[in-house]
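Engineer: Here is my input; please provide its structure:
(one chain, ligands or ions: 1)
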Amino acid sequence: MSAPDYGRAFTLWRDAAPLWQAYTRHEFVEALRRGDLPRANFLHYLRQDYVFLTHFARAWALAAAKSDTLAEMQAASATVQALVHHEMPLHVQICAAEGIDAQALEATTEAPANLAYTRYVLEAGYSGDFLDLMAALAPCVMGYGEIGARLKGAGGPYSDWIETYAGAEYQALCHDVGSLIDGALAHRLGPDWASLPRFGQLGQRFATATRLEVGFWQMGLEGV
Ligand SMILES: Cc1ncc(CN)c(N)n1
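Structural biologist: Numbering: from 1, shown residues only. Here you go, the predicted structure:
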């Protein structure tokens, strides 16, 4: 099965990112697909991911603040909405079913890999512009979209998690973010954006965020 097409910039960045396959085909992902990931590792990951998503929602809110156009503001705020009202409640729901209540979830101590990734993304937004933020955020959004599309229908104990990212709603979000990024590049850099040095620099950001995603899965495998 070929990977979904989430836009031109994303495809160029992904194809140039050395660790893209290490991220999207990480052993943690394969164990989710096979269904033999120990539950303790999944819950450890999920608690960390809840904290991650809190920061990630903040980063998308910062993107709304750094938007130039109404369309950018709408796309960024729609992503905040999806995170806060869909993805984070999924974590709350799964953890609650395992006896981890919302208070315990909120009190999760952040793992170093989580700190490194979330602060890298937020810093990209604080010190950079809208494009810096998009390049740092894209691996997160679209990587899980690609993983969900590939694992769709795998079944097993992690099927709820898999189908969330395989589902139409999350896939539409990936396409919308891909269009947002292509449009933002054209708006700021002009029609030849793909050939400019700035685009290559943004690709470095994308590659770093991809490396931090690998570290996040590894934390999930090792950090129980
Ligand atoms: C670490 C991480 N990366 C990406 C996603 C998908 N939004 C996530 N939930 N967590």
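
Engineer: Identify the residue spatially nearest to residue 173, adjacent ones excluded.
Structural biologist: For residue 173, ignoring the flanking residues on the chain, the nearest one in space by CB to CB, 6 or more residues apart in numbering is residue 82 at 5.5 Å. Backbone N, C-alpha and C define where each C-beta goes, glycine included.

Engineer: And the pLDDT for the one you found?
Structural biologist: Per-residue confidence for residue 82 comes out at a pLDDT of 90.

Engineer: now swap in residue 71 and tell me
Structural biologist: 93.

Engineer: which ones are touching it?
Structural biologist: 180, 183 (CB atoms under 8 Å, 6 or more residues apart in numbering).

Engineer: In the chain, where is pLDDT below threshold?
Structural biologist: 224 (pLDDT under 70).

Engineer: near the ligand, anything from the helix or strand hosting the residue nearest to residue 173?
Structural biologist: Following DSSP states H and E, one finds residue 82 within helix 70-82. No. Using CB under 6 Å from any ligand atom, helix 70-82 stays clear of the ligand, coming no nearer than 8.9 Å.

Engineer: Same question for that helix: list its buried residues.
Structural biologist: Buried residues in helix 70-82, counted by 16 or more other CB atoms under 10 Å: 72, 75-76, 78-80, 82.

Engineer: ok, now stretch 171-178?
Structural biologist: 171, 173-178.

Engineer: now swap in stretch 145-165 and tell me
Structural biologist: Those would be 145-151, 158-159, 161-165, for stretch 145-165 by 16+ other CB under 10 Å.

Engineer: now swap in stretch 58-73 and tell me
Structural biologist: 58-64, 66-67, 72.

Engineer: Could you pull up the contacting residues of the residue nearest the centre of the chain?
Structural biologist: Note on the chain: the residue nearest the mean C-alpha position is residue 140, at 1.8 Å, using CA atoms, centre = their mean. Shown in contact with residue 140 (CB under 8 Å, 6+ apart): 56, 121, 209, 213.

Engineer: host element of it?
Structural biologist: If you go by DSSP H and E, residue 140 is part of helix 130-151.

Engineer: That helix and the ligand, any residue contact?
Structural biologist: Yes. Using CB under 6 Å from any ligand atom, helix 130-151 comes into contact with the ligand via 140-141, 144.
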